[in-house]
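Enquirer: what's the 3D shape of this:
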Amino acid sequence: MSIGSNRILIRKFIQHKVAKGKENREIHDEDNIITTGIIDSLGIMQLVAYIEETFSIKIKDEDIIPDHFESIATISAFIEGREGIADTEDEAR
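Expert: Model (predicted):
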């Protein structure tokens with residue numbers, strides 16, 4: 001999936017499923033969704049489950065840190081990195 005597609009899917013999920021009272025707010029790629037209160041810790045866990053299911057990747061507990069989930073851009077970059085790791089692991093088998 002392309003980075004643009006990732007960002008669209010992530011944005012839609014956040015806006016419609018986990019944005020706490022801010023469903024109608026426009027969320028830009030670089031907006032910090034944690035410090036602005038758009039998403040809380042429960043929302044991050046819901047987002048992790050969504051990402052694992054949607055992008056067929058496994059997110060390790062140690063990877064669930066604010067740096068990876070602070071904005072749509074950082075989430076998308078994290079997914080791209082994990083997809084690359086998954087591809088490498090598949091090739092090694």
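Enquirer: just for the protein, where's the confidence low?
Expert: Counting by pLDDT under 70, the ranges of the chain that qualify are 1-3, 20, 22-23, 84-93.
Enquirer: That one: helices as residue ranges?
Expert: For the chain, the helices defined by DSSP state H occupy 3-13, 41-55, 66-69, 72-92.
Enquirer: what would those look like in a markdown table with distance to Arg25 and mean neighbour count?
Expert: Glycine gets a C-beta too; all of them are placed from N, C-alpha and C. Putting those into a markdown table (distance: least, CB to CB, whole Å; neighbours: other CB atoms under 10 Å) gives the following:
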| stretch | distance to Arg25 | mean neighbour count |
| --- | --- | --- |
| helix 3-13 | 11 | 16 |
| helix 41-55 | 14 | 15 |
| helix 66-69 | 18 | 15 |
| helix 72-92 | 13 | 15 |
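Enquirer: can I get these in JSON lines with distance to His28?
Expert: JSON lines is the format used below for these (distance: least, CB to CB, whole Å):
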{"stretch": "helix 3-13", "distance to His28": "9"}
{"stretch": "helix 41-55", "distance to His28": "17"}
{"stretch": "helix 66-69", "distance to His28": "16"}
{"stretch": "helix 72-92", "distance to His28": "8"}
